[in-house]
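Asks: sequence below, structure please.
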Amino acid sequence: HEPVTADRDIGAAWFEFGLPVLAGLEAQLALRYEDYSDFGSTTNPKIALRWQPHESLMFRASYGTSFKPPSFYELYQPLLQDTWWYRDVERCEWTGSDEDCKARSYPVQWGGNEDLDPEKGKSWFAGTVWTLDFLPGFEIQLDFWSFKTRDRIEWLDAQLVLDQKGDHGIVRAPMEPDGKPGRILLIREGPVNAERLETNGFDTTLSYSKQTERFGVFRASLLHSYIDRWEFTESLGGETVNRNYVGDHRRIAIPRNRANMNFSWNRGPHGLAANIHYTGHYRNHTDLYVDGEETGQPMIISSHTTLDLQYSYTFRNLRNAILRLGCNNVFDKDPPLNYGALEPFHDGRGRFFYLRWQQPIR
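Replies: Here you go, the predicted structure:
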């Protein structure tokens, strides 16, 4: 990255207080005011409710708004040049030739966008926590969430522009005498304000703990995150495009399912823990290529599961210092690769061992 120099002044004030409404019902109210030297002022409220009709059952919900100005890099990044692969849909419809209809490399220029507007968002959340009377130590948490963002700052998807026969950021040679679009000379990419992003889903947590006199404390938990919608609305080429990218790759991977399972045991100074990490499969942003040729078949980045183990010992006569010995990715499972590149949800180090010493100083 090229260096960027810029500055902005920010002033802020906020307040927050809790309010008992009825027996078992509480409300939390908050308000935040911010003033930006380059983007003006904004006021964003938040309200949250917590209702516990029974000692084993609790409901919670919240609603709030948000404001996020563009970063300096999104605004002022210097122009850079490279090449990338695109398919010229509009010219392909005229010629039908492989040169136009297959993806090929074009010059690309990208940088910041000083015309960006701030992102504005709304979010709501609702959930419940239930502890089972007939199974002490067992707890269920279920949380639903939804986020809506207007003018979300996203990197321009030039292929989406070409698919819609748009011209935003597409530099062509002059139109040919028969009306055929000129060949692409340059593609300009950079951050733009997408119209809207809507995403929602739910998180589930199951946990259980059991304390025994002879065998110590046993704990187990399962955390699962499910994304139902990650939908963009964009207007490119005069046409509004809606697409749900869950299970796909849109600059970042968006797997529908992710989960972590944890088991632990503690007895006196000794402790054992096992963690299982799972990331679901998703479709790559390009189709599958074999020997450099596009097959027209989707490229699926496969799901991935790893196991971590750890033993710990607490030295009580050393101010409760803790020695940890562990191994991550015990079975040395290779992460899925995207044409040789590591995907962001995965760790490419393979199996590795570690030894840690935690020493309190007070």
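Asks: ramachandran angles for the residue positioned nearest the centre of the chain?
Replies: Centroid-nearest residue in the chain, with Cα atoms, centre = their mean: residue 254, separated by 6.9 Å. Residue 254 adopts backbone torsions of phi -130, psi 70, taken as degrees, to the nearest 10.
Asks: surely it and residue 243 touch.
Replies: No: using Cβ atoms under 8 Å, residue 254 makes no contact with residue 243, being 11.4 Å away. Any C-beta I mention is one placed from the backbone N, CA and C, and that applies to glycine too.
Asks: any common contacting residues for the two?
Replies: Here residue 254 and residue 243 have no joint contacts, going by Cβ atoms under 8 Å, 6 or more residues apart in numbering.
Asks: rewinding a little: check the gap between the residue nearest to the centre of the chain and residue 193 for me.
Replies: 20 Å (Cβ to Cβ, to the nearest Å).
Asks: and what of residue 180?
Replies: Residue 180 is 32 Å from residue 193, by Cβ to Cβ.
Asks: more crowded one of those two?
Replies: residue 193 (18 against 14; other Cβ atoms under 10 Å).
Asks: any idea what the more buried one is bridged to?
Replies: residue 153 (DSSP bridges).
Asks: same check on residue 189?
Replies: For residue 189, the beta-bridge partners under DSSP bridges are residue 110.
Asks: so the residue located most distally from the centre of the chain is in which element?
Replies: Here the chain reaches farthest from its C-alpha mean at residue 177, the gap being 47.4 Å by Cα atoms, centre = their mean. Element membership for residue 177, per DSSP states H and E: none, as it lies in no helix or strand.
Asks: which phi and psi does it have?
Replies: Backbone geometry at residue 177, expressed as degrees, to the nearest 10, gives phi -50, psi -30.
Asks: now do it, the pLDDT please.
Replies: We note a pLDDT of 86 for residue 177 in this prediction.
Asks: just checking, what packs against the longest strand belonging to the chain?
Replies: Longest among the strand segments of the chain by residue count, using DSSP state E, is strand 216-236. Other helices and strands packing on strand 216-236, by 3 or more Cβ pairs under 8 Å, 6 or more residues apart in numbering; DSSP states H and E, are helix 158-163, strand 196-212, strand 239-244, strand 257-267.
Asks: just say which of these is most tucked in.
Replies: Of all the helices and strands packed on strand 216-236, helix 158-163 carries the top mean neighbour count, a mean of 20, counting by mean count of other Cβ atoms under 10 Å.
Asks: which other helices and strands does that one contact?
Replies: For helix 158-163, the elements it packs on are strand 80-86, helix 89-95, strand 170-172, strand 216-236, judged by 3+ Cβ pairs under 8 Å, 6+ apart.
Asks: identify the bridge partners of the closest residue in space to residue 207 that isn't next to it in sequence.
Replies: Excluding the flanking residues, the one nearest residue 207 by Cβ to Cβ, 6 or more residues apart in numbering is residue 221, at 4.2 Å. Beta-bridge pairing for residue 221 (DSSP bridges): residue 207, residue 262.
Asks: number of residues surrounding residue 221?
Replies: Neighbours around residue 221, by other Cβ under 10 Å: 16.
Asks: in this structure it contacts residue 274, no?
Replies: No: using Cβ under 8 Å, residue 221 is not in contact with residue 274, being 11.4 Å away.
Asks: identify the contacts common to the two.
Replies: Common neighbours of residue 221 and residue 274 (Cβ under 8 Å, 6+ apart) are residue 262.
Asks: that older thread, list the contacts for the residue nearest to the centre of the chain?
Replies: 227, 230, 245-248, 282.
Asks: low-confidence ranges, the stretch 201-350 of the chain, go.
Replies: Along the stretch 201-350 of the chain, segments meeting pLDDT under 70 span 234-241, 289, 291-294, 338-342.
Asks: again, only using 50
Replies: Under the criterion pLDDT under 50, no range of the stretch 201-350 of the chain is flagged.
Asks: if we can go back for a sec, out of the helices and strands packed on helix 158-163, nearest to residue 361?
Replies: strand 216-236 (27.1 Å; Cβ to Cβ).
Asks: am I right that residue 67 falls within a helix?
Replies: No: using DSSP: H, G, I helix; E, B strand; the rest coil, the assignment for residue 67 is strand, not a helix.
Asks: and the gap between it and residue 43?
Replies: Using Cβ to Cβ, residue 67 is found at 9 Å from residue 43.
Asks: what's the overlap in contacts for the two?
Replies: In contact with both residue 67 and residue 43: residue 34, using Cβ under 8 Å, 6+ apart.
Asks: so between these two, which is more surrounded?
Replies: Higher neighbour count among residue 67 and residue 43: residue 67, with 17 against 13, using other Cβ under 10 Å.
Asks: report the contact partners of that one.
Replies: By Cβ under 8 Å, 6+ apart, the contact list for residue 67 reads 34, 42, 44, 118-121.
Asks: run the last query once more with 10 Å
Replies: Counting by Cβ atoms under 10 Å, 6 or more residues apart in numbering, residue 67 makes contact with 32, 34, 36, 39-44, 118-121.
Asks: what pLDDT does it get?
Replies: Value for residue 67, per-residue pLDDT: 94.
Asks: out of the helices and strands packed on strand 216-236, which gets nearest to residue 81?
Replies: The minimum distance between residue 81 and the helices and strands packed on strand 216-236 falls on helix 158-163, with 14.2 Å, by Cβ to Cβ.
Asks: ok, back up a step: in the longest strand of the chain, what's buried?
Replies: 218-221, 225, 227, 230, 232, 234, 236 (16 or more other Cβ atoms under 10 Å).
Asks: make sure residue 15 is actually in contact with residue 43.
Replies: No: judged on Cβ atoms under 10 Å, residue 15 makes no contact with residue 43 at a distance of 11.7 Å.
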